[in-house]
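Asker: Sequence unavailable; structure follows:
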C-alpha cells in the first residue's frame, strides 16, 4: 500500500482530482441550459439533459481513474461502487443539485473526494458554469475562480447572533428536522436558501458560518468535509459524530459555533 | 424631445446602458468577498463593504449619465431622484441582493433600466462576479455570459404543474403574502429560493417559469420588467396591473401561466 502522507503521492492525487474536475466540466457544460428543460423525470426512467450530463460526467471521471488510479475504489452517485486494492476511494457526485441544474442556477456543482479509512482527505467542489473550484486537503486550501486564485480560511465567528446560515431547502428534511433547523435559524443573523453544495464552498472561503442539511448521501458531503476541514472548519452529523456517511450534517466555521448549533439541534431532537 | 422609437437613439441608449453596467462591475468587484464581512450594518449607519460598493457603483453610473445623458432623469437606490428634461428616467439599483452579496453568493446583481412614461423600455440585469449580463429592450433580448452570447426567449409553460417557481425568501412578505405565495407554490412542479434578481434573468432565458415577490421597490423590478418583456414574458403586480412602481410582483413565462397564478394570489388576498 502506498503511503498517503508522501508528498509525491499527494501531488499525484491532486493532479488526478483536477483532471477529473476538468473532464466533468467538459462533459456537463454542453448540456447545461440547453433546450427548454421541462422536467427532471429521472424517477420515471426517462432521459433528460441532467441525467445525460450526470452519467457522462461520472463516466468521464471513471475513465480517467481506470487509467491513472486503477488500484483505487470508486463510489459514484450514478454507477455505484467499484472495488480497489489501495485502501483509497474516490467519491464522486457528478452533479450535486440537479434541481438547481434544471433551473439554470449557477450553484450546483461537481463533487470529488478522495477518502481513506479515516474519511475524506482531499476534496473539490467545482462549479463549471462560473468556472470556480474550491479545493481542500493535504495542506492545500484555495479557490480558483473567474477573478484569480485565493487562499481559503473559515472566518472566526463564534456566536450564533453573528452567523450566516445556509441550507438548500426551507423544508430541510422531516418535520422534526425542519423544526430543529428553525430553532437554530431563529438565533442567527441571516438565513439563506438555495445554494446546494456551493454553500459549503462559501463556508470554507470565509463568507458564511453555518450549513445545516438533512438526508444527504455520502457522495453529497465527502468533498465538502475535505474542503471545509482544510480551511479550518468543522463538519459532523447532528450528534457530533463523523458525517462522511451522509444523513444529517452540520458544518461550522469554528468549534464554538459548532457546539452552540449542535446543542440546539440535539435538544430539539431529544 | 427625442423620438425614442429612433433606431439611432436606441443604439445610443444601449451603448450608455452597457457603459453603466461595465462601470458598476469595476466599482463593485474590488469589494466583493473582501475581508471577512461580519454584518450588513447599513441600518445602524455604519460603513461596510456592501455599502461602500453600493455607493461607488451608483456614483460611477451617475458620472457617466451626467456626461452622456444629462437631459435624462435618474432614480437610484442610494442617491434618490435627479430631475431631467427628456421624459426618460434611468432607474438604478447598484447592488440588488445585498444579503446575497455579503454572503458571497453569485446571484446578486446590478439593475439598470431606462423608463419612459409607459414604463421600462430597456433593462440590464448584470452579475459582475460571473461576468453575466441579461439584456432586454428595443428589439434586443440576449444574455452574454462566460460561455458566449445567446438569444433569450421565455419558455412556453402554460400549466402550474409544469412550472418552476422562484422567490428570494420563503417568508416572501407579510403572513398573508406568504400564504398566497404558498398557495401557488403548492401547485407547481418545483419551488426554489435565494436568487435575488438573478431569478428574473433565468425566467427571461427560458429556464424557469414564475417569480413571485412582495415588498419590492421600483428600482428592484424596473430592469427585470424590461428584460422579461423583451423575452416574451409578462410582469404585473398581484392585481394584474403594471408593476413598475414595485410592491407585489408576479413574473410569468406565458399569459396562460400568469393568469393561473394571478387567480390564486387574488383569491388568497380577497
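Answerer: Right, received. Where do you want to start? These figures come from a predicted structure and were not determined experimentally.

Asker: Give me the buried positions along stretch A:169-185.
Answerer: A:169-173, A:177-178, A:180-181, A:184-185 (16 or more other C-beta atoms under 10 Å in any protein chain shown). Where C-beta positions appear, they are placed from N, C-alpha and C, glycine not excepted.

Asker: Any figure for the gap between the residue lying closest to residue A:161 once chain neighbours are set aside and residue A:167?
Answerer: Counting by C-beta to C-beta, 6 or more residues apart in numbering or on different chains, residue A:189 is the residue found nearest to residue A:161 once chain neighbours are left out, at 6.2 Å. From residue A:189 over to residue A:167 the distance is 15 Å, taken as C-beta to C-beta, to the nearest Å.

Asker: Quick one: the helices in the stretch 1-150 of chain A, in order.
Answerer: A:7-28, A:49-68, A:98-103 (DSSP state H, counting those that start in this stretch).

Asker: quick one: residue A:268 and residue A:183 touch, right?
Answerer: Yes - using C-beta atoms under 8 Å, residue A:268 is in contact with residue A:183, at 5.0 Å.

Asker: More neighbours: which of residue A:189 and residue A:167?
Answerer: residue A:167 (25 against 18; other C-beta atoms under 10 Å in any protein chain shown).

Asker: Please look at the more buried one and residue A:196 and confirm they touch.
Answerer: No - Residue A:167 is beyond contact range of residue A:196, at 10.2 Å (criterion: C-beta under 8 Å).

Asker: how about the residues of chain A that lie near chain B?
Answerer: With C-beta under 8 Å from any C-beta of the partner chain as the criterion, chain A comes near chain B at residues A:29, A:33, A:36-39, A:99-100, A:102-107, A:129-131, A:145-147, A:155-157, A:162, A:164, A:166, A:169-170, A:189-190, A:192-195, A:198, A:202, A:205-208.

Asker: Of those residues, which belong to strands?
Answerer: A:145, A:164, A:166, A:190, A:192-193 (DSSP state E).

Asker: Can you tell me which of those residues is nearest chain B?
Answerer: When those are ranked by distance to chain B (C-beta to the nearest C-beta), residue A:193 comes first, at 4.1 Å.

Asker: So what sits opposite that closest one in the bridge?
Answerer: Counting by DSSP bridges, residue A:193 forms beta bridges with residue A:167.

Asker: Count the residues that sit near the nearest residue to residue A:196 once chain neighbours are set aside.
Answerer: Counting by C-beta to C-beta, 6+ apart, residue A:97 is the residue found nearest to residue A:196 once chain neighbours are left out, at 3.0 Å. Using other C-beta under 10 Å, residue A:97 has 23 other residues around it.

Asker: unless I'm mixing things up, residue A:97 is touching residue A:111, no?
Answerer: No - look at residue A:97 against residue A:111 with C-beta under 8 Å: they stay out of range, at 9.6 Å.

Asker: Residues that sit against both of the two, list them.
Answerer: Listed as contacting both residue A:97 and residue A:111 by C-beta atoms under 8 Å, 6 or more residues apart in numbering or on different chains are residue A:197.

Asker: so what pLDDT did residue A:2 get?
Answerer: Looking at residue A:2, its pLDDT reads 76.

Asker: okay, now it: neighbour count?
Answerer: Residue A:2 has 14 neighbouring residues, counting by other C-beta under 10 Å.

Asker: so the residue nearest the centre of chain A is in which element?
Answerer: Nearest residue to the geometric centre of chain A (C-alpha atoms, centre = their mean): residue A:224, 3.7 Å. If you go by DSSP states H and E, residue A:224 is part of helix A:218-230.

Asker: if you average pLDDT over that helix, what comes out?
Answerer: 97.
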